[in-house]
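Participant: Any chance you could fold what I've pasted below:
(one chain, ligands or ions: 1)
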Amino acid sequence: MSASDGERATDAQALRYARHIVLPEVGSAGQARLERARVLIVGLGGLGCPAAQLLAGSGIGRLWLNDFDTVDASNLPRQILYTPADVGKPKTEAAAARLLELNPAIVVEQIRDRASAAQLRELLGHIDVVLDGTDNFATRFAVSDACVESRTPLVSGAAIRLEGQIAVFRNDGTGPCYRCVYDEADEWLGDCQGNGVLAPVTATIGAMMALETLKLLLELDDAEPALQLWDARSGAWTRVALRRNPDCVSCGASV
Ligand SMILES: [Zn+2]
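Facilitator: Next comes the predicted model:
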């Protein structure tokens, strides 16, 4: 690449991210930080799709996509990276293609199986933030435990029917972890196939997950640990303060 090609590429990037860069909370330095960031998205469903779209569009430099599933026609209302032509394809493959169309300047990595604990441990050494939008407890606990062990921030979202929730677990040794808050008896991880969900509810929570990820990367997140609950019928958001469980089997042992 010649010097002038390099300048043109830099100008194109500055234009693309102009609405970010003009924000005092971001600026050129903040945008450059996003472009260096490495983010893992576990679950490319109704939450992971909009989150991935916004993070790719925002210039997150390297996105890892983890999902073992293939695209089903019933996914299309809310899993907004996929088209009818993608039905039957691995979600990671269809999502990666769409995200690279959206932003060719980023790198997208695919993990097409259920990541094992060992795989997660290895991967999290290179990851700045993890987003979990999966719909089962086993995966969520495994992802959280790996994040606690590696001290990687975890952005966790869930949506069923006309309700959503989101929490950020910094996993820096001070606040609660996912296991401090949830247990297996919680209905929030009942699968959305059985419960149903209205498409914009997942899109809203997915967008919030992308927002919380950018706030972590830009160090704009100064709120106390909280679970944010959203009632889509009334439009009301409720914040519930979260405390560490000293007997937590995951983070309790590390104090
Ligand atoms: Zn804990």
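Participant: so after the lowest-mean-pLDDT helix or strand in the chain, what's the next helix or strand?
Facilitator: Counting by mean pLDDT, DSSP states H and E, the chain has its least confident helix or strand at helix 192-195, which shows a mean of 62. Using DSSP states H and E, the helix or strand that follows helix 192-195 towards the C-terminus is helix 199-217.
Participant: Just the buried residues of whatever helix or strand comes next after that next one, please?
Facilitator: Once the chain leaves helix 199-217, the next helix or strand it forms, by DSSP H and E, is strand 226-231. For strand 226-231, burial by neighbour count (16 or more other Cβ atoms under 10 Å) applies to 226-230. To be clear about C-beta, it is placed using only N, CA and C from the backbone, and glycine gets the same treatment.
Participant: now the helices for the stretch 51-200 of the chain?
Facilitator: Assigned by DSSP state H, counting those that start in this stretch, the helices in the stretch 51-200 of the chain fall at 91-102, 117-124, 137-150, 178-181, 192-195, 199-217.
Participant: could the ones you listed go into JSON lines alongside mean neighbour count?
Facilitator: As requested, those are exported to JSON lines (neighbours: other Cβ atoms under 10 Å):
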{"stretch": "helix 91-102", "mean neighbour count": "19"}
{"stretch": "helix 117-124", "mean neighbour count": "16"}
{"stretch": "helix 137-150", "mean neighbour count": "20"}
{"stretch": "helix 178-181", "mean neighbour count": "21"}
{"stretch": "helix 192-195", "mean neighbour count": "13"}
{"stretch": "helix 199-217", "mean neighbour count": "22"}
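Participant: of all these, which lies closest to residue 247?
Facilitator: helix 178-181 (9.2 Å; Cβ to Cβ).
Participant: quick revisit: looking at the buried residues of strand 226-231, which is nearest residue 159?
Facilitator: Nearest member of the buried residues of strand 226-231 to residue 159, counting by Cβ to Cβ, is residue 230, at 8.5 Å.
Participant: returning to what we had before: now, which of the buried residues of strand 226-231 sits nearest the ion?
Facilitator: residue 227 (13.7 Å; Cβ to the ion).
Participant: Now for that closest one: which residues touch it?
Facilitator: Counting by Cβ atoms under 8 Å, 6 or more residues apart in numbering, residue 227 touches 165-167, 181, 239-240, 242.
Participant: swap in residue 206?
Facilitator: By Cβ under 8 Å, 6+ apart, the neighbours of residue 206 are 46-51, 54, 133, 157.
Participant: where does it land on pLDDT?
Facilitator: With respect to pLDDT, residue 206 scores 98.
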